[in-house]
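[1] curious how this folds, go ahead:
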Amino acid sequence: MTLTSDAPLRSAGIWHGRPDLDEANEIGKDSAIGHLGIEFTDLGADYLAGRMPVDGRTRQPFGILHGGASVLLAETLVSCAATFVVAPGKVCVGMEINANHLRPVTSGWVVGTVRPVSLGRRSQVWEVRIVDDHDKLVCISRCTIAVIEAS
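    Numbering: from 1, shown residues only. As a prediction, the model looks like this:
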């Protein structure tokens, strides 16, 4: 992913370079991210946000948002944010993720917002809060990332 862009950025904050959400969305469109309808929507000084529809692609057979889809949204946000934070020549890989599913959702959209807990040179810890259309907390997730040299 390219971290430079002509697009305006509200604040550089924790990001290395100037992250390009349009490019991130384009790269993900032919992967699980695109198939589930996940979109990166907002970038602030210390957060990245994205949304995912609650529909036939993301619901479980009982009609509610699948917990695995929530985890995929969380890990997608963390992976992108972690990549936007590190300098060129570094790669971020997931080490651990957990999620607490707090409220069922049957339709609409869920929005995830990721913020760093710790940004070390070799590891990062991120927290993702996922809310529904009424801003009710649906899921909270924490993910640990390893920062390694690109090969």
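[2] and the residue of the chain positioned farthest from its centre, how far is that from Asp132?
    Taking Cα atoms, centre = their mean as the measure, the residue most remote from the mean C-alpha position of the chain is Phe62, 25.4 Å away. Remark: distance between Phe62 and Asp132 (Cβ to Cβ, to the nearest Å) = 17 Å. For the C-beta atoms, the positions are set from N, CA and C on the backbone; glycine is no exception.
[3] quick check: phi and psi at the residue farthest from the centre of the chain.
    The phi/psi pair for Phe62 (degrees, to the nearest 10) reads phi -90, psi 0.
[4] and the helices in this protein, which stretches?
    21-28, 32-35, 67-85 (DSSP state H).
[5] all strands of the chain, in order?
    Using DSSP state E, the strands of the chain run over residues 39-43, 48-53, 90-101, 109-119, 123-131, 137-149.
[6] mind checking the ones you listed for the one nearest to His16?
    Closest to His16 of the strands of the chain is strand 90-101 (Cβ to Cβ; 9.1 Å).
[7] now the closest one: mean pLDDT?
    Strand 90-101 comes out with an average pLDDT of 96.
[8] equivalent analysis for stretch 21-33, please.
    In this model, stretch 21-33 has a mean pLDDT of 94.
[9] mind listing what's buried along it?
    Leu21, Glu23, Ala24, Asn25, Gly28, Ile33 (16 or more other Cβ atoms under 10 Å).
[10] okay, Thr4: pLDDT?
    38.
[11] oh sorry, the question was meant for Ala7
    41.
[12] equivalent analysis for Ala12, please.
    64.
[13] and Cys143, how far is that from Val114?
    8 Å.
[14] need the overlap of contacts for those two.
    Ala74, Val78, Trp126, Val128 (Cβ atoms under 8 Å, 6 or more residues apart in numbering).
[15] so Leu77 sits against Gly50, correct?
    Yes - the criterion here is Cβ atoms under 8 Å, and Leu77 meets it with Gly50 at 5.4 Å.
[16] shared neighbours, those two?
    With Cβ under 8 Å, 6+ apart, Leu77 and Gly50 have common neighbours Phe40, Gly112.
[17] circling back: do you know which of the helices of the chain lies nearest Ala99?
    Among these, helix 67-85 sits nearest to Ala99 (Cβ to Cβ), with 5.0 Å.
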